[in-house]
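Trainee: predicted model and sequence follow; I will ask about them next.
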Number of protein chains: 2
Amino acid sequence: MNKQDNTTTNISGQHFIGGNWTGKADSFTSFNPVENKPISWMFSEATQQEVNEAAIAADNAFAAYRQTSSIQKADFLDEIAKQIMTDIDDIIAIAHQETGLPLARLQGETGRTCNQLKMFATYLRSPSDVRYADAANPERLPLPKADTRLGYLPIGPVAVFGASNFPLAFSTAGGDTASALAAGCPVVVKGHPAHAATSELVTKAIARAIETCRMPAGVFNLIQSSEPAGARTLVQHPKIKAVGFTGSLKVGRILADMCSARPQPIPFYGELGSINPQFILPALMAENAESLARTQVQSMMMGHGQFCTSPGLIVALKDPALKRYLASFTDEMAMQEAAPMLTPGIAATYQKMTQALMSIKGVNVLSQGKAATASHHTRPLALTVSVSDYLANESLQDEVFGPFAVLVQCDTMEEMDQLIAALEGQLTASIHGLERELKDCGQLIENLSYKVGRLIFNQMPTGVEVCYSMNHGGPYPASTDSRSTSVGIESLKRFVRPICYQNMPSGQLPADLRPENPQLITF
Amino acid sequence: MNKQDNTTTNISGQHFIGGNWTGKADSFTSFNPVENKPISWMFSEATQQEVNEAAIAADNAFAAYRQTSSIQKADFLDEIAKQIMTDIDDIIAIAHQETGLPLARLQGETGRTCNQLKMFATYLRSPSDVRYADAANPERLPLPKADTRLGYLPIGPVAVFGASNFPLAFSTAGGDTASALAAGCPVVVKGHPAHAATSELVTKAIARAIETCRMPAGVFNLIQSSEPAGARTLVQHPKIKAVGFTGSLKVGRILADMCSARPQPIPFYGELGSINPQFILPALMAENAESLARTQVQSMMMGHGQFCTSPGLIVALKDPALKRYLASFTDEMAMQEAAPMLTPGIAATYQKMTQALMSIKGVNVLSQGKAATASHHTRPLALTVSVSDYLANESLQDEVFGPFAVLVQCDTMEEMDQLIAALEGQLTASIHGLERELKDCGQLIENLSYKVGRLIFNQMPTGVEVCYSMNHGGPYPASTDSRSTSVGIESLKRFVRPICYQNMPSGQLPADLRPENPQLITF
């Protein structure tokens, strides 16, 4: 174990429920993946009673929080960002210990986390959404027309699951939390056990923002848990009205099924990853084989391949230029280091899955990174396979979380189309081609667009921009709800639902439905 | 049986699959609820194979249909409306036989059905939705910003379940079909067996529109089915990507659970009805007790109470004005006729549920309509109960589909609030009060708004306007998906999902994402 313990580092190991730190920190520890050993901080495992208290605290806060103004919510989100920046050095140092992610990356991720919070604040101060109203017409025949106006209400307390691979941007104060709070919904975060101390530090920043902004105490709650029971209790709690989740297909599907089977079903927004196929068209390949190969390897090595947008499938035509691509790809791969993964569990799954895929008939090793120098390090790997063998083995479409890709060699463009037809839903896909080539492959673009949440031209999928027009989701299994995005302003809409006000006196209408709102369109 | 058979009336009794009439019409008949006997038209019961063919026909049509322009889709919807109007006399005559609904009502419902189709056509010609784009910024540090644009794609073939109580507006060419076709999704309708011949006639109108507009054959399909197996096969078919359903909580929940449990889960939009509570505030009651009572009875008697928005719960203060209300209510009820229901099954359920509710302790008969003169007629009924007894018996919140209401007498406004807190999700609720009273009951308005999809002031809930700002849905169990409406322009959004185009050459962008679209907001 490391030298620090809870006392010296000020990590309580407790839950934050209704404004209070609570629970006995005696159940599980963090783990340092670089040193491959536990960290001595101890954390409490949330009991059923504690999960219940957190959900009830969130629900108790809902009545007050939903009535705060947009400006008050904006100030609150800005204050959370400010408080995180106050503690940024401690947060990054501790996240580095818990995840092994480089300091520069964590610095950038903290910036992104704060920018997300501030982006929602900016939106709340000046929302761009139109609102609809249909004017009354008492003279209409055969029946008069009533005045109707379409508004939106927050859906209620939201359960947010921290993701292992983004300990800040998709975790405690990440996109799900920011969008839920912006929508007017209190939050219960189930911290990811792989970065429990980071979750606690971020929660402390949020707690200070709650005090400064005089928000209701239960507007944000953190429960620490490393066992499935905590998650199950949380998503089945009657006061929880929606769930935001980023993680594996296996766990995501179990929780999604629980949400659907509740007496009162609730939306489950699970962003479950994908293999993000890269299609390379021949003319661009002929021009740029070497740089395409380098860019591909760099993208798939980001976060040691532990990005949901990691490009895990490359599709290209078997032609002379491909040989140059393969040579450059192999050279580039040979320079990549083996490294620890975020958790021993992720490393074990990577080893198991890659071993299984390598044993499939027709699958060959294309290239590898440097050999591992420690047993807990995983080596980057690329496999290659023909279209027919790829299509014959569904398991080749499974996401291998880590520095991994499969290259599929096609004889014809028709084979590329066949592969697209067989693809499962994806977060993203990229088409790499010259502009004139793109013009000639309208059907490929059309077919691929129906498989993905984001369609990219001549760029890599890693790096998800936080903006109005982003979509981070896609057809199942990329997401459990293809109608939603977990990144960008539109992610807020996961946590509201419509309400029509009919014949309501204008004094009682929400502000955005009154005639003075310039974004109100009246028919 | 009636005199007509399939030959003389031109009812084939078949399914319409991929442009062909198919199936042997030998399985079930329509039923005339007024005469209380079967009609001799025979209908085919869709086999698993036929359901499969219909789903595949819809999927085959999808590739072509999704590429039709908005104008082509608008022309198609207009043509369907035109073709329905061509056959309106036959459609109304047959729907009248199958449902017993008055001719004037069916005339109005046909008009509404056509207006819905034309409204979506108008929308497609001139959509009001904004589109978002975020401009590229190659100079941005530390990373350049790519051009991103948020578009929407149709979700795929949609299964639509015809509703028993609106044989036209919520059935074959009803709101679900119109919105799915407008969104770019082919449709498979499972016709309601209570109006199978009406479904066939409307399908014939749609079939002519498909030919006139040269739409792909499988863009619309009808399967006839009276057994649960047909519905089950349809919602579980891998080519079906969403379901629109209007009907009972029991059936809706079974189908919703099937959709969630599929290998690839799909959205299930079930509009499952509600009891639409009416809250009467004391000052208005004192002024208008008599007219409030008459309006309530008239609203609950519409369609013999078989509206999903039928006002089935009245909540008022126990004060002297209430006595006047009760007297007028009882007088008005006494004039209401007993009448047949849409189907013998609905009539039997009404009898069973009302008997059970009358046997609950503390529940008393408030008033009844005229006694039934035939065994298949059902008598309008209103019960009364105290708040405490209402809250003690959850079954009093179950929707009784028919001419029925429960009046709850409160001692205080606090009791009204308690009742609201215990309410399940509702499609609608109304608050009846003087304007000055409304100003003083902000908390009641606030609390009630979180229980309903439409909040109405001083009007009855029956009559759902088809317009931009309508919401016909609400928290579960009113709807299985409170984020959606089944009526109005917004209902189209149930059948699309977002896609982000990143760095796409403008020539390949969908038209609504190009810079020339005035509704494109670029950040």
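Mentor: Received the coordinates, thanks. Numbers count the residues shown, from 1 in each chain, chains lettered A, B, ... in the order given.
Trainee: the longest helix in chain A is where?
Mentor: Criterion DSSP state H: the longest helix present in chain A is helix A:103-125.
Trainee: which residues touch the residue most central in space within chain A?
Mentor: Centroid check for chain A by CA atoms, centre = their mean gives A:Thr246 as the closest residue, at 4.8 Å. Counting by CB atoms under 8 Å, 6 or more residues apart in numbering or on different chains, A:Thr246 touches A:Phe161, A:Ala163, A:Phe166, A:Phe170, A:Asp176, A:Gly270, A:Glu271, A:Cys308, A:Ser486. For every residue, glycine as well, the C-beta is placed using N, CA and C.
Trainee: list the contacts for the fifth one?
Mentor: Put plainly, it is A:Asp176. So A:Asp176 contacts A:Val158, A:Val160, A:Phe161, A:Phe170, A:Val187, A:Gly244, A:Phe245, A:Thr246, A:Tyr269, A:Ser486, A:Ser491 (CB under 8 Å, 6+ apart).
Trainee: is the residue nearest to the centre of chain A in a bridge, and if so with what?
Mentor: Here A:Thr246 shows beta-bridge partners A:Glu271, assigned using DSSP bridges.
Trainee: quick one on the thing from earlier: let me know the closest of the contacts of A:Thr246 to B:Ser128.
Mentor: Within these, the smallest distance to B:Ser128 is 26.8 Å, found for A:Ser486 (CB to CB).
Trainee: you'd agree the closest one is up against A:Glu271?
Mentor: Yes: the criterion here is CB atoms under 8 Å, and A:Ser486 meets it with A:Glu271 at 4.5 Å.
Trainee: the stretch 1-150 of chain A against chain B: which residues are in contact?
Mentor: A:67, A:108, A:128-130, A:132-134, A:142-143, A:145-146, A:148-150 (CB under 8 Å from any CB of the partner chain).
Trainee: pull out the buried members of these.
Mentor: A:Val130, A:Tyr132, A:Ala133, A:Asp134, A:Ala146, A:Thr148, A:Arg149, A:Leu150 (16 or more other CB atoms under 10 Å in any protein chain shown).
Trainee: how about the contacts made by the third one?
Mentor: Each residue near A:Ala133 by CB under 8 Å, 6+ apart is listed here: A:Asp147, A:Thr148, A:Arg149, A:Leu150, A:Leu513, A:Leu520, A:Ile521, A:Thr522, A:Phe523, B:Tyr468, B:Ser469.
Trainee: let me see the mean pLDDT of the helix or strand hosting it.
Mentor: Using DSSP states H and E, A:Ala133 maps to strand A:131-134. Regarding strand A:131-134, the rounded mean pLDDT is 96.
Trainee: in its sheet, what does that strand sit against?
Mentor: Applying DSSP bridges to the sheet, strand A:131-134 is found paired with strand A:148-154 (antiparallel), strand A:520-522 (parallel).
Trainee: what's the first helix or strand after the first one?
Mentor: When you say that, I think you mean strand A:148-154. Using DSSP H and E, the helix or strand that follows strand A:148-154 towards the C-terminus is strand A:158-161.
Trainee: could you export that next one as CSV, CA atoms only?
Mentor: Taking Å, rounded to 0.1, in the frame of the first residue of the first chain, the C-alpha atoms of strand A:158-161 are listed here in CSV:
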residue,chain,number,x,y,z
VAL,A,158,-31.3,11.6,-11.9
ALA,A,159,-28.9,8.8,-11.0
VAL,A,160,-25.5,9.3,-12.7
PHE,A,161,-22.9,6.5,-13.0
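Trainee: tell me what that strand is packed against?
Mentor: helix A:175-183, strand A:187-191, helix A:228-235, strand A:242-246 (3 or more CB pairs under 8 Å, 6 or more residues apart in numbering or on different chains; DSSP states H and E).
Trainee: between these, which one is closest to B:Ala104.
Mentor: That would be strand A:242-246 among those, by CB to CB, at 44.0 Å.
Trainee: measure how that closest one sits relative to helix A:228-235, angle-wise.
Mentor: Relative orientation of strand A:242-246 versus helix A:228-235 (axes from the mean of the first three to the mean of the last three CA atoms, to 10 degrees): 140 degrees.
Trainee: from the chain's centroid, how far away is strand A:242-246?
Mentor: 9 Å (CA atoms, centre = their mean, to the nearest Å).
Trainee: how about the following helix or strand past that strand: buried residues?
Mentor: Counting by DSSP H and E, the next helix or strand C-terminal to strand A:242-246 is helix A:249-261. Residues A:Leu249, A:Gly252, A:Arg253, A:Leu255, A:Ala256, A:Asp257, A:Met258, A:Cys259, A:Ser260 are the ones in helix A:249-261 that count as buried (16+ other CB under 10 Å).
Trainee: which one among these gets closest to chain B?
Mentor: Set against chain B, the nearest of these by CB to the nearest CB is A:Ser260 (3.5 Å).
Trainee: nearest spatial neighbour of that closest one, skipping sequence neighbours?
Mentor: B:Ser260 (3.5 Å; CB to CB, 6 or more residues apart in numbering or on different chains).
Trainee: same check on A:Leu396?
Mentor: Nearest non-adjacent residue to A:Leu396 (CB to CB, 6+ apart): A:Tyr390, at 5.4 Å.
Trainee: surely the one you found touches A:Val406?
Mentor: Yes: contact criterion CB under 8 Å: A:Tyr390 and A:Val406 qualify, at 7.3 Å.
Trainee: where does the residue nearest to A:Ala231 when sequence neighbours are not counted land on pLDDT?
Mentor: Distance criterion CB to CB, 6+ apart; nearest residue to A:Ala231, sequence neighbours excluded, is A:Lys190 at 5.9 Å. Confidence at A:Lys190, expressed as pLDDT, is 98.
Trainee: ok, A:Lys190 - contacts?
Mentor: A:Ala46, A:Ala159, A:Val160, A:Phe161, A:Gly162, A:Ile223, A:Ser225, A:Gly230, A:Ala231, A:Leu234.
Trainee: okay, who's weakest in those by pLDDT?
Mentor: Comparing the contacts of A:Lys190 by pLDDT, A:Gly162 comes last, at 92.
Trainee: that one contacts A:Ala173, correct?
Mentor: No: shown here, A:Gly162 and A:Ala173 do not form a contact pair, counting by CB under 8 Å, at 9.9 Å.
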